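# Quick one, what's the 3D model for this:
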Amino acid sequence: MKTSHRERKTLLYTEAAKVGIALGSPIRLELLELLAQRERSVEDIAGEADLGIPNASRHLAVLARAHLVRRRRDGNRIFYRTIPGLSPGLLRSLRDTAIGTNPVLATVLGADFLVAGDADAAMRTAVARGRAGHAVLVDVRPRAEFETAHLPGAVSVPLQHIVSRGSRPRLPRDRELLVYCRGAFCAWADEAATVLRRRGFNANVLPLGPSEIANIGA
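Down below sits the predicted model:
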C-alpha cells in the first residue's frame, strides 16, 4: 500500500525523535562521551559511570535503538562503540547549544570556555605550537583512550600518574604544557594542570576532547 505524505512525515519524525529521547538523559550523555573515546564492554562502561550492569545495559539499549551506538558480542561479553563520525559531532553540537543558551552551564564552565570555530582555531594553534616545539600537548586520559585517538604529537601522561604522591612525570619545565582530557565537561585536565603548576610546570588547560580532535583535520 502506498504511503501517504502524512504517514511518511510521521514516520520520519518518529524515527528522528528516538535520537532526542536517547539524548534526554544525563546518564546516556555521559555514556556517549565515554564511548566517543573508544569501544568498551558493558562492564567497563558500568564501572566508569558508577552504574550497575543491568542499569548500564538498559541505557545502552536506548542508545542502540536510536542508532547512536553499535554493539558486538565476543564470547560472553558485549561491547559498544559509537557510530563513526556521528556521535562526537552530535555531542559537540548539543554541548555548544546548551552552553550558549543555558546561563548555568556558562557560569560553571567559566568565561574561558571555547565553542564552535573558536575551539577549532584553538586546537589548530595548539597542534601547530606542539609541532614547532613551543609547547607540549599532554593527554591525561587513560592510556587505552590515548591509543585510540589523540592530538598529533601529544604525549600520554594519565591523570593518576600526575596526581600520585611521589610521581615524577617526565615533562619539560622550559615549555608550556597544554593539558587536555575527554572534553569540556571533563575535569581531569583542570586537576592535572593544577597539580603540575604546583610542581613548578607552566601548565594550562586545553578544554577540548575527541569530538574536536575528529574535526580539526590536523
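# Please count neighbours and contacts with C-alpha atoms only from this point.
OK.
# ok, for the residue nearest the centre of the chain, nearest residue in space, not its chain neighbours?
What sits nearest the mean C-alpha location of the chain, by C-alpha atoms, centre = their mean, is residue 182, with 3.8 Å. Nearest non-adjacent residue to residue 182, counting by C-alpha to C-alpha, 6 or more residues apart in numbering: residue 209, 4.5 Å away.
# Report how many residues lie close to that neighbour.
When neighbours are defined as other C-alpha atoms under 10 Å, residue 209 has 26 of them.
# Run a quick check on it versus residue 179, I expect a contact.
No - at 10.5 Å, residue 209 does not count as touching residue 179 under the criterion of C-alpha atoms under 8 Å.
# Doesn't residue 136 belong to a strand?
Yes - under the criterion used here (DSSP: H, G, I helix; E, B strand; the rest coil), residue 136 sits inside a strand.
# If we ignore the residues flanking it in sequence, what's nearest it?
residue 177 (4.9 Å).
# helix or strand right after the host helix or strand of the one you found?
Per DSSP states H and E, residue 177 falls inside strand 176-180. Later in the chain than strand 176-180, the nearest helix or strand by DSSP H and E is helix 188-198.
# what element comes up after that following helix heading to the C-terminus?
Criterion used, DSSP H and E; the element after helix 188-198 is strand 203-205.
# pLDDT of that following strand, averaged?
Averaging pLDDT along strand 203-205 gives 91.
# counting contacts, what elements does that strand pack onto?
Here strand 203-205 touches strand 176-180, helix 188-198, going by 3 or more C-alpha pairs under 8 Å, 6 or more residues apart in numbering; DSSP states H and E.
# Format those as TSV; extra columns: distance to residue 4 and mean pLDDT.
Shown next, in TSV, are the helices and strands packed on strand 203-205 (distance: least, C-alpha to C-alpha, whole Å; pLDDT from 0 to 100):
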stretch	distance to residue 4	mean pLDDT
strand 176-180	51	93
helix 188-198	52	94
